[in-house]
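Undergrad: Would you be able to build a 3D model of this:
(chains A and B)
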Protein chains: 2
Amino acid sequence: MPDMRQKDLTRRGFLAKAGRGLATAQALGALATRASAQQVPEPPGRKLGFAIVGLGSLAINQILPAFARAEKSRVVALVSGHPEKARKLALRYGVAPKSIYDYQGYDALRDNPEVDVVYVVLPNSMHAEYTIRAHQAGKHVLCEKPMATTPADCQAMIDAARKASRKLMVAYRCRYEPFNQEMIRMAREQELGPVKVIVADHGFNIGDPTQWRLKQDLAGGGSLMDIGVYSLQAARYVTGEEPVEIAAMSYTTPGDERFKEVEETIDFQLRFPSGALANCSSSYGYAGVNRYRVVATKGWFELEPATSYTGLRLRVRRGNAVEERNLPQRDHFALEMDHLSECVMDAKQPLTPGEEGLRDLKLMMAIYEAARSGKTVKL
Amino acid sequence: MPDMRQKDLTRRGFLAKAGRGLATAQALGALATRASAQQVPEPPGRKLGFAIVGLGSLAINQILPAFARAEKSRVVALVSGHPEKARKLALRYGVAPKSIYDYQGYDALRDNPEVDVVYVVLPNSMHAEYTIRAHQAGKHVLCEKPMATTPADCQAMIDAARKASRKLMVAYRCRYEPFNQEMIRMAREQELGPVKVIVADHGFNIGDPTQWRLKQDLAGGGSLMDIGVYSLQAARYVTGEEPVEIAAMSYTTPGDERFKEVEETIDFQLRFPSGALANCSSSYGYAGVNRYRVVATKGWFELEPATSYTGLRLRVRRGNAVEERNLPQRDHFALEMDHLSECVMDAKQPLTPGEEGLRDLKLMMAIYEAARSGKTVKL
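TA: Numbering: from 1, shown residues only, chains lettered A, B, ... in the order given. Have a look, this model is predicted:
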C-alpha cells in the first residue's frame, strides 16, 4: 500500500511544520476534513439480506467474513444442522437468534422478510433441492459451484427460478474479480493478437478420505466437479466461446482409499469455434496448482495463482519482455454477492445465471463421456 | 558469476596488503600459480573429427560455434550446396579447403580419414538418405531431430548403422544439458513424490511462408515434427516411460498462407503405464513458448525456458515455497557432440540412439492419427 505510506509521511511532515497553538488547531481541523474525505467510506446504501445455507469451512472462512467488504449485501440468517455452530456464528456476525434455522425449518425462510437471497453452500447433490425450495419460498438464490450434479437438476432449478420470478445465480466468483476480468479483457480485445491455445491446470492433493467431495452421490463426480470446473470456466470465459469438441483422459490410482467412488485426475482438451484449443488438467492427486496461460500470436498472459481466494498474480509476455500487472486484490465473495444484490435491485440478469451453470454441467458430462469412450465428443 | 566477483575482491585485497618490492613479487608469483590452476583448462585429449552437413542457420549460429566448447569433438569438414558460404565458414573455423564438399561429392567423405562423425543438419526428409550414405562411407552419424519423416526411414537408418557397425545418434540436445537432466533426476527419484501430470508447451509464430519447414515433402509434418517433438520428448524422458494411449486435437487457420501443407497447432494427451498423464501443445501459430511443468503429489517443478539454446530456468514448488535452482548454463551442442565422440571412443551406446528417434516418429504418427480420427490411439 505505497499510497497509504505516502499519505502518512505527508501528514507527519505537516504536523511537524505546523507548530503549536492556533496553527495546530487549524491544521488538525484541515486534516480531519482530509481524513474524512479520503479514508472513511460513505455509509452503505441499501443492502439485501442473505441467508447462508450450510456452515462448512467455505461459509465460515470465506463467505461470512466477506460481508464486511460487501456494499450491498448483509448476512441476516443462517441455516445449519448444528445449532451450537450456528449460534456462535450468529453472535459473531450479528444475526438474530430467531433467524437461525435448521433444515427441518428451512421453508420458514418464506416468512422472514429480512431474507432476500439464499446462498446455498451445501454439498453438490443438495444444491438443487435447497435452491428450488428457496425459490418456492419466494427468495433469490446464489448457488455454489458446481450448480448441481446433473443437467436435469440444473434445468429444474432454472425452471423454479423462472416460475417464482426470482434471480438464480451460480457463485462463479472469479468472474467478478479484477485479475480474471483483465485476462478476459486482454483475450477479447486481442491485446496480444488472436488467442491460439489456453493451458489451464487446477488441482490439489485431497486429504480426509471420508469427506463428501469423495462420495459420488454427494459430489456427483471427482476432481472435475470441484476444482477442474475452474479450468473449464477459464477456457470458456477467456474465449467467450462454447466448445464444439471435447477429448479427455482420466486416471485414478488403484487402491487409493480416497478414490473408491470418484476420479482422481482428468485431463481434457477443448476446441472452440474460433479455432482456439484448450489443454486442461484437473486433479485431486497432485499438489496444489491453479493457473492458466493464454497463448496468443504476439505473446502470452497468465494468472498463477489464478483462482485462489486472494494473492492472484498476472504476468504478460510480449516479445522478449515479461511484465507483472498489479491489480487490486478484492474479496471475490463480496463482489459476487454484491453483483447479485445489484441485479435484484436493478432487475438485471446476473453475469453467471443458472443457464451458465447448466452449460458447465453438460460440458462436464461430455468430458466424462469422452474419457470413458476414448472418443472425441462433438457438441 | 558471484564466485568470480568474490575471487576478484580477494585478489585486490591481497595486493593492497602486500605492499611493494619483494613482497609484491612473491605475491604476484603466488597469484600466477593460482590463476593457472584455476582458470586455464588442460589441453584437450583426443578429439573426433566432425563433418557438418547442411549449413543453415542452426549450423551457422549454434553448431559451428559450439566446437569451441567441445572437449572431444572438432569440425574438420563442411558439406554444402553453396561454395561461397562453405568457404567463408571454413576460414572462420579452420577447415581445410580440401575438406569442403558439395552434395555431388558427398560420398567422397569415405576417403577423408579426418572425418569420424557426420552431423546431418538437413531438412527432415533428407536425413535418411544422408545418414545412410554416411554409414555406407564408414562414418558414425549424429542426426538432427526429427530423425526422419517416416518410421520406415528411421528403421532403414538404424539398419544402415548396424550393417556398417557405426554409431547412430539423434541430436536430442536437451538430454545432455544440466537443467533437463535435473528435471529427469527429480522425477525419477520422486523428490516431490510420484509424478501425476506433465504439462508441456512448445511453439513459436513461424515466419517466412516459403521455408522448408512448411513443406510437407521436406518437413514430413508441421509444428509437431519440428517443435512439438520437444513436448513429446519431455513427457517421455521425465517419466522414463513409453505412452500407452494418445488423444489429440489439431487446428490450422484457414487461408493462412504459411499452412497450406502442414498443421499449425496440435495438442496431444499421453497416458503412461504408471498412470502419469501429459497434456502437450505444439504450435507454429502462437508466440514463442517453451516450457514444461511436472506436477507430483508434494509439489511441482518446471523449466521455462525449457529447451532454448541457453538461459534455462528451473523453479521448484514444495509446500508454499517456490525456489529457483541455478545450474550451469552449458552449450547443448558441445555436450551432445562430445557424448557421441565419447561413445565412439569407448564403444558405448549413445543415450539417444536411432531407436529413440524411431520411437518418437511412431508416436508422432499416432498423434496425427488420433487427431485425424478423433479417437484415442492405444499403443
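Undergrad: Which parts of the stretch 201-350 of chain A are helices?
TA: A:216-219, A:223, A:229-239, A:332-346 (DSSP state H, counting those that start in this stretch).
Undergrad: which of the ones you listed is buried the deepest?
TA: helix A:223 (a mean of 30; mean count of other C-beta atoms under 10 Å in any protein chain shown). Placement of C-beta: from N, CA and C, glycine included.
Undergrad: Let's have the helices of the stretch 201-350 of chain A in JSON lines, adding mean pLDDT and distance to B:Gly275.
TA: Shown next, in JSON lines, are those (pLDDT from 0 to 100; distance: least, C-beta to C-beta, whole Å):
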{"stretch": "helix A:216-219", "mean pLDDT": "98", "distance to B:Gly275": "20"}
{"stretch": "helix A:223", "mean pLDDT": "98", "distance to B:Gly275": "14"}
{"stretch": "helix A:229-239", "mean pLDDT": "98", "distance to B:Gly275": "20"}
{"stretch": "helix A:332-346", "mean pLDDT": "98", "distance to B:Gly275": "34"}
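Undergrad: pLDDT wise, what is the residue in the stretch 51-200 of chain A that chain B sits nearest to at?
TA: Residue of the stretch 51-200 of chain A nearest chain B, by C-beta to the nearest C-beta: A:Lys196 (4.0 Å). You'll see A:Lys196 listed with a pLDDT of 98.
Undergrad: Now do the contacts for it.
TA: Each residue near A:Lys196 by C-beta atoms under 8 Å, 6 or more residues apart in numbering or on different chains is listed here: A:Gly275, A:Ala276, A:Leu277, A:Val295, A:Ala296, A:Thr297, B:Thr265, B:Ser283, B:Gly285, B:Tyr286.
Undergrad: Can you pick out the most distant pair from these?
TA: A:Leu277 and A:Thr297 (13.8 Å; C-beta to C-beta).
Undergrad: so where's chain A uncertain?
TA: In the predicted model of chain A, residues A:1-38 satisfy pLDDT under 70.
Undergrad: could you redo the last one with a cut-off of 90?
TA: A:1-45, A:319-320 (pLDDT under 90).
Undergrad: Pick out the residue nearest the middle of it.
TA: A:Arg173 (2.1 Å; C-alpha atoms, centre = their mean).
Undergrad: ok so, going back, A:Leu277 and A:Thr297: which is more packed in?
TA: Neighbour tally, A:Leu277 and A:Thr297, criterion other C-beta atoms under 10 Å in any protein chain shown: the higher count belongs to A:Leu277, 26 against 16.
Undergrad: Quickly note the distance from the residue nearest to the centre of chain A to B:Tyr309.
TA: 42 Å (C-beta to C-beta, to the nearest Å).
Undergrad: list the contacts for A:Asp217?
TA: Counting by C-beta under 8 Å, 6+ apart, A:Asp217 has contacts A:Ser125.
Undergrad: same check, this time on A:Glu342
TA: A:Lys72, A:Lys348.
Undergrad: how about 7 Å then?
TA: A:Lys72 (C-beta atoms under 7 Å, 6 or more residues apart in numbering or on different chains).
Undergrad: picking that back up, now, which of the contacts of A:Lys196 sits nearest B:Ala70?
TA: Nearest to B:Ala70 among the contacts of A:Lys196, with distances taken as C-beta to C-beta, is B:Ser283, at 32.7 Å.
Undergrad: is it true that the closest one touches A:Val197?
TA: Yes. With contact defined as C-beta atoms under 7 Å, B:Ser283 counts as touching A:Val197 (6.2 Å).
Undergrad: hey, what's in contact with both of these two?
TA: B:Thr265.
Undergrad: quick one: which of these two has more around it?
TA: When B:Ser283 and A:Val197 are compared for neighbours, B:Ser283 comes out ahead with 30 against 24, by other C-beta under 10 Å.
Undergrad: Give the closest residue to that one in space, chain neighbours not counted.
TA: Among residues not flanking B:Ser283 along the chain, B:Gly203 sits closest, at 3.3 Å (C-beta to C-beta, 6 or more residues apart in numbering or on different chains).
Undergrad: For B:Asn279, see how far away the one you found is.
TA: 14 Å.
Undergrad: A:Leu277 now?
TA: A:Leu277 is 11 Å from B:Asn279, by C-beta to C-beta.
Undergrad: and what of A:His135?
TA: 39 Å.
Undergrad: which one of the two has more residues nearby?
TA: B:Asn279 (28 against 24).
Undergrad: quick one: contacts for that one?
TA: Per C-beta under 7 Å, 6+ apart, neighbours of B:Asn279: A:Asp267, A:Asn279, A:Ser281, B:Val197, B:Val199, B:Gln269.
Undergrad: I'd say the third one and B:Gln269 touch.
TA: Read that as A:Ser281. No. A:Ser281 is beyond contact range of B:Gln269, at 9.5 Å (criterion: C-beta under 7 Å).
Undergrad: Output the set of residues of chain A in proximity to chain B.
TA: Those residues of chain A that sit near chain B, judged by C-beta under 7 Å from any C-beta of the partner chain, are A:196-197, A:199, A:201, A:205, A:245, A:247, A:249, A:251, A:253, A:265, A:267, A:269, A:271, A:275, A:277, A:279, A:281, A:283, A:285-287, A:289, A:295-300, A:374-376.
Undergrad: From those, list just the buried residues.
TA: With burial judged by 16 or more other C-beta atoms under 10 Å in any protein chain shown, the buried subset of the residues of chain A next to chain B is A:196-197, A:199, A:201, A:205, A:245, A:247, A:249, A:251, A:253, A:265, A:267, A:269, A:271, A:275, A:277, A:279, A:281, A:283, A:285-287, A:289, A:295-297, A:299-300, A:374-376.
Undergrad: So which of these sit within strands?
TA: A:196-197, A:199, A:201, A:245, A:247, A:249, A:251, A:265, A:267, A:269, A:271, A:277, A:279, A:281, A:283, A:289, A:295-296, A:299-300 (DSSP state E).
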